[in-house]
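[1] predicted model and sequence follow; I will ask about them next.
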Amino acid sequence: MSFECCEVTKTYRTRNGSVRALDKTSFSVGRREFVCIVGPSGCGKTTLLKIIAGLVNPTSGEIVYNGGGTNGRLRNAMVFQEHGLFPWMTVLDNVAFGLEMQGVRRRERRERAAAFVEQIGLGPFADAYPHSLSVGMRQRVGILRAFAADPQMLLMDEPLGSVDAQAKRVLQTELLRIWEQHQKLVIYVTHDIEEAVLLGDRVLVMSARPGRILEEIPIPLSRPRQLGKERPEIAEIKWHIWTMLEDGVRQSLSVSP
Amino acid sequence: MNGAIRLIPRRGERYASVLIAAGILAVWEALARAGLVSTLFFPAPSTILASIGALLRSGDLPVQVAATLGRLALGFALGSVPALALGLAMGWSRRLNAALDPLVASAHPVPKIAIFPLVMILFGIGETSRVVLIALAAFFPVLINTASSVRQISPIHFEVAANYGASRFKTFTRVLFPGSLPMILTGLRLGINIALLITIALEMVLPNRGLGTMVWRAWETMRPEQIYASLVVIAVLGVGFNLTLRLLERRLVPWQSGREA
């Protein structure tokens, strides 16, 4: 299970002409790989993710999947930035949603979802509705829902973007732990360089709009990872990524150096 | 909750409103008994209560209440059920919405009581016309709220459903319907209030039975205590409907409790 993104271009038509969101983006992802994509805001990261998911069609180029199902795609589960949970479902029903859509019987899917919920200590909140949870807890549930659906790949769109810095560190550790257990292919979009380096096997750096891949950077850290320990070569990589991104970020903010 | 805007009144605040109401009634009673206000216009609350008691015992009031409730229920059901179905369809289908929305928007603001003569030409002078008009009155608020309730569901919920491979049926039962339920219930509440208003008005315009007719006859025969008595019963009905629907809301929409006023 792997896929290749071949010269994917996406142009949106708007009232004021057309906007190119992605420009000939190419990269490949191997099985069980954890790939992070960083880029300045508005660089088409989310668009790219939706194209990989099959929710949006590219204007040109294609995604070639290996080991896909009947529709040729890999079965994927997305984790959305925010508000991805259904407010009208309890935590347990949200986590079981993917299984429900696959036609898994009620009793079995609830048992399987409960195991996930218990595993990270959310058991007491199984019957709670999302509005009573903190932002961090909601995002944990969103991540669990994706894993519980047992997809062939996970697509995450800044899942921890709205979580405060300290909680973020805890949730990153938790995410890595679940991932180690299930070993899925993950595409993780973020604007947080630190996060990309901590989580990924590889980091793809994207340019400002129209987005393309500027560089692919392998992260030389062993697994399982211990987050929080700073190593000099990692600081070097973060600095390198920042120098690549800086111009794009300034451009998106329209400030001169 | 300190510092936040409170939508639910504190216990103390609720007592305050009860006290104010009791105070007004007490002053009214005292003024009426002392002869300081004309009991022809303001019969004492105790007199009104006695009148309600007498009307209950004579069996007159139950008959009138049953008549009002009967045509209200029938009209409301005939109006709101198709409105729900059409509203969901309009929310679901952009094309259907584009086709029907201008019609709805221009028909909705017309005060329904104004088209009663037309309804009578079409359906005759009788119960059918009353029920048709009540149904029409309930139809529009339910339709408009239902249609917009679907459109206010965040697109992300449909994306999640699509991402997990939800069928059209599942998208309807697990996303569209629960997502629009809060506003649908609001629409039903608006609908029943307008339906009650129209029912009472019709019972005055074309009287035979019902609480509206009762008010009108009491006015014609100059029995103010009976006017007030019927008004109290109508108010109780109105409050009752709203409370019932609020309770229903709390039962059916538990994920919003705490946010609701």
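    All right, it came through fine. Computed from a predicted model, the values in this text were never measured in an experiment. Residues are numbered from 1 along each chain as shown, chains lettered A, B, ... in the order given.
[2] element containing whatever residue of the stretch 151-257 of chain A ends up closest to chain B?
    Of all residues in the stretch 151-257 of chain A, A:Leu155 sits closest to chain B, at 8.4 Å by Cβ to the nearest Cβ. In this view, the C-beta of every residue, glycine as well, is placed from N, C-alpha and C. Using DSSP states H and E, A:Leu155 sits in strand A:153-157.
[3] sheet-wise, list the partners of that strand with their directions.
    With DSSP bridges as the test, strand A:153-157 is paired with strand A:76-79 (parallel), strand A:185-190 (parallel).
[4] could you list the buried residues of it?
    A:Met153, A:Leu154, A:Leu155, A:Met156, A:Asp157 (16 or more other Cβ atoms under 10 Å in any protein chain shown).
[5] roughly how far apart are the third one and B:Pro82?
    Counting by Cβ to Cβ, to the nearest Å, the gap from A:Leu155 to B:Pro82 is 42 Å.
[6] show me where chain A has its helices.
    A:45-53, A:91-95, A:97-101, A:106-119, A:135-148, A:165-182, A:193-199, A:232-253 (DSSP state H).
[7] out of those, which comes closest to B:Gly75?
    B:Gly75 lies closest, by Cβ to Cβ, to one member of the helices of chain A: helix A:91-95, at 37.3 Å.
[8] what's the closest one in contact with?
    With contact meaning Cβ atoms under 8 Å, 6 or more residues apart in numbering or on different chains, helix A:91-95 is reached by A:85-86, A:100, A:110, A:113-114, A:116-117, A:122, A:125-130, A:133, A:141-142, A:144-145, A:148.
[9] how does it look with 7 Å?
    For helix A:91-95, the surrounding residues in contact (Cβ atoms under 7 Å, 6 or more residues apart in numbering or on different chains) are A:85-86, A:110, A:113-114, A:116-117, A:122, A:125-128, A:141, A:144-145, A:148.
[10] pLDDT score assigned to the residue most central in space within chain A?
    The structure's chain A has its C-alpha centroid closest to A:Met156; by Cα atoms, centre = their mean the separation is 1.8 Å. On pLDDT, A:Met156 comes in at 94.
[11] beta partners for it?
    Counting by DSSP bridges, A:Met156 is bridged to A:Val79, A:Tyr188.
[12] touching, it and A:Tyr188? I think so.
    Yes: if you go by Cβ atoms under 7 Å, A:Met156 and A:Tyr188 touch, sitting 4.7 Å apart.
[13] if we can go back for a sec, any chance of the helices of chain A in a markdown table with distance to B:Leu118, mean pLDDT and mean neighbour count as columns?
    A markdown table is the format used below for the helices of chain A (distance: least, Cβ to Cβ, whole Å; pLDDT from 0 to 100; neighbours: other Cβ atoms under 10 Å in any protein chain shown):
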| stretch | distance to B:Leu118 | mean pLDDT | mean neighbour count |
| --- | --- | --- | --- |
| helix A:45-53 | 52 | 89 | 23 |
| helix A:91-95 | 49 | 95 | 25 |
| helix A:97-101 | 50 | 94 | 23 |
| helix A:106-119 | 52 | 93 | 16 |
| helix A:135-148 | 53 | 92 | 24 |
| helix A:165-182 | 64 | 90 | 16 |
| helix A:193-199 | 67 | 91 | 21 |
| helix A:232-253 | 61 | 84 | 14 |
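[14] among the helices and strands of chain B, which has the poorest mean pLDDT?
    helix B:11-33 (a mean of 89; mean pLDDT, DSSP states H and E).
[15] now do the buried residues in the helix or strand that that one is followed by.
    Later in the chain than helix B:11-33, the nearest helix or strand by DSSP H and E is helix B:45-57. For helix B:45-57, a neighbour-count test (16+ other Cβ under 10 Å) marks B:Pro45, B:Thr47, B:Ile48, B:Ser51, B:Ile52, B:Leu55 as buried.
[16] so the fourth one touches B:Glu225, yeah?
    In this case it means B:Ser51. Yes: judged on Cβ under 7 Å, B:Ser51 makes contact with B:Glu225 at a distance of 4.2 Å.
[17] quick one, the helix or strand hosting B:Ala235 and helix B:45-57 angle?
    Element membership for B:Ala235 (DSSP H and E) is helix B:224-252. Helix B:224-252 and helix B:45-57 are oriented at 80 degrees to each other (axes from the mean of the first three to the mean of the last three Cα atoms, to 10 degrees).
[18] output the contacting helices and strands for helix B:224-252.
    helix B:45-57, helix B:177-205, helix B:211-220 (3 or more Cβ pairs under 7 Å, 6 or more residues apart in numbering or on different chains; DSSP states H and E).
[19] please repeat the previous calculation with a cut-off of 8 Å.
    Judged by 3 or more Cβ pairs under 8 Å, 6 or more residues apart in numbering or on different chains; DSSP states H and E, the packing partners of helix B:224-252 are helix B:45-57, helix B:60-92, helix B:177-205, helix B:211-220.
[20] highest average neighbour count across these?
    helix B:177-205 (a mean of 22; mean count of other Cβ atoms under 10 Å in any protein chain shown).
[21] name the residue closest to the centre of chain B, please.
    Most central in chain B (Cα atoms, centre = their mean) works out to B:Asn193, at 1.8 Å.
[22] how about it, what does it touch?
    With contacts defined as Cβ under 8 Å, 6+ apart, B:Asn193 is in contact with B:Gly238, B:Phe241, B:Asn242.
[23] now do it against chain A, distance only.
    Distance, B:Asn193 to chain A, using Cβ to the nearest Cβ, to the nearest Å: 26 Å.
[24] circling back to that earlier point, closest to B:Ser38 out of the buried residues of strand A:153-157?
    A:Asp157 (72.5 Å).
[25] wait, the residue of the stretch 151-257 of chain A closest to chain B touches A:Ile51, no?
    No: using Cβ atoms under 8 Å, A:Leu155 is not in contact with A:Ile51; the gap is 10.2 Å.
[26] just the closest residue of the stretch 51-200 of chain B to chain A, please.
    For the stretch 51-200 of chain B, Cβ to the nearest Cβ, closest residue to chain A: B:Pro178, 4.0 Å.
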